[in-house]
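> Build me a model:
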Amino acid sequence: MCTPILIGVATSLMGAVQSIAGFQAQSQAAKASERAYQQQRNLNQEAANRAYQQTQLKMKGEMEKASQQAEQGLVRRLQAQGSTLAAGRAGQGVTGLLADAERVEGRDLGSLGMNLAYAQQDYFFGMENIYQQQNTANIQAASQRTAKPSGAGLALSLAGSALSGVQAGMALKAPSAGGGGGGGSSGSDGGGYDTKLPDYGQYKPPAYGT
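Take a look at the predicted model:
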């Protein structure tokens, strides 16, 4: 009598154990995936920082180079003007030579300014490119994460296991006895309907007197 119930309970418990084991396995996989994701984000940040530093050092080098060239231009101008003045020249020619030295310096400074402008533009483009590469790498790492299982999903799985156990027990339960018998017209143990009319005896009309 209790065998179907025991089988149903065993089926339900087996399904519940499998559901809990699967939930725990998914939880562990999700935790490992999250750790790997955070490690990859740190690696991406470190790579971006190195690229930022290299780009900044390059820009710093361009500025130092321009500063040195500007100083050299100043020295050349002063030397040219000093040589002109030391020659003891006078008049309009001296003024022109001094002005020429200043124009040469100004032209060189203008070229330095253009070069610095291009270097600065490359610097900003490089920094933006590094930032975009870091974001792309983070998005790619995020797409590989394993989703954490939900408690609601586990509850539904456990409910499904319980329902499966009930269905298994009902399927193994024997059908109840009774119902369709021989259906004879006499005898009440054969099943069916009893069509025999009750015996009321012989009909006697009432007496109304003489």
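> how about the helices in the protein?
Using DSSP state H, the helices of the chain run over 3-86, 92-143, 151-172.
> need the least confident one among the ones you listed, by mean pLDDT.
The stretch with the lowest mean pLDDT among the helices of the chain is helix 151-172, at a mean of 57.
> before we move on, back to that, redo the helices of the chain as JSON lines? Include mean neighbour count.
Every C-beta, even on glycine, is put in place using the N, C-alpha and C of the backbone. JSON lines is the format used below for the helices of the chain (neighbours: other Cβ atoms under 10 Å):
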{"stretch": "helix 3-86", "mean neighbour count": "14"}
{"stretch": "helix 92-143", "mean neighbour count": "13"}
{"stretch": "helix 151-172", "mean neighbour count": "14"}
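> quick one: contacts for the nearest residue to residue 133 once chain neighbours are set aside?
In this structure, residue 133 finds its nearest non-sequential neighbour in residue 48, 7.4 Å apart by Cβ to Cβ, 6 or more residues apart in numbering. Applying Cβ atoms under 8 Å, 6 or more residues apart in numbering, we find residue 48 in contact with 130, 131, 133, 134.
> gap between residue 106 and residue 36?
Distance, residue 106 to residue 36, using Cβ to Cβ, to the nearest Å: 59 Å.
> okay but residue 120 is in contact with residue 58, surely?
No: Residue 120 lies out of contact with residue 58 (Cβ atoms under 8 Å); the separation is 11.1 Å.
> Verify the stated contact: residue 59 with residue 123.
Yes: counting by Cβ under 8 Å, residue 123 is a contact partner of residue 59 at 4.3 Å.
> Show me whatever sits in contact with both of the two.
Contacts common to residue 59 and residue 123, judged by Cβ under 8 Å, 6+ apart, are absent.
> re the thing from before, among the contacts of residue 48, find me the one that's closest to residue 20.
Among the contacts of residue 48, residue 134 lies closest to residue 20 (Cβ to Cβ), at 39.8 Å.
> thinking that closest one is in contact with residue 47, fair?
Yes: look at residue 134 against residue 47 with Cβ under 8 Å: they come within range, at 7.4 Å.
> Compute the distance between residue 52 and residue 39, please.
20 Å.
> if I look at the closest residue to residue 45 other than its chain neighbours, how far off is residue 37?
Distances taken as Cβ to Cβ, 6+ apart put residue 134 closest to residue 45, at 7.0 Å, once the chain neighbours are dropped. Residue 134 is 14 Å from residue 37, where distance means Cβ to Cβ.
> likewise residue 55?
27 Å.
> got the contact list for residue 147?
Residue 147 neighbours (Cβ under 8 Å, 6+ apart): residue 30.
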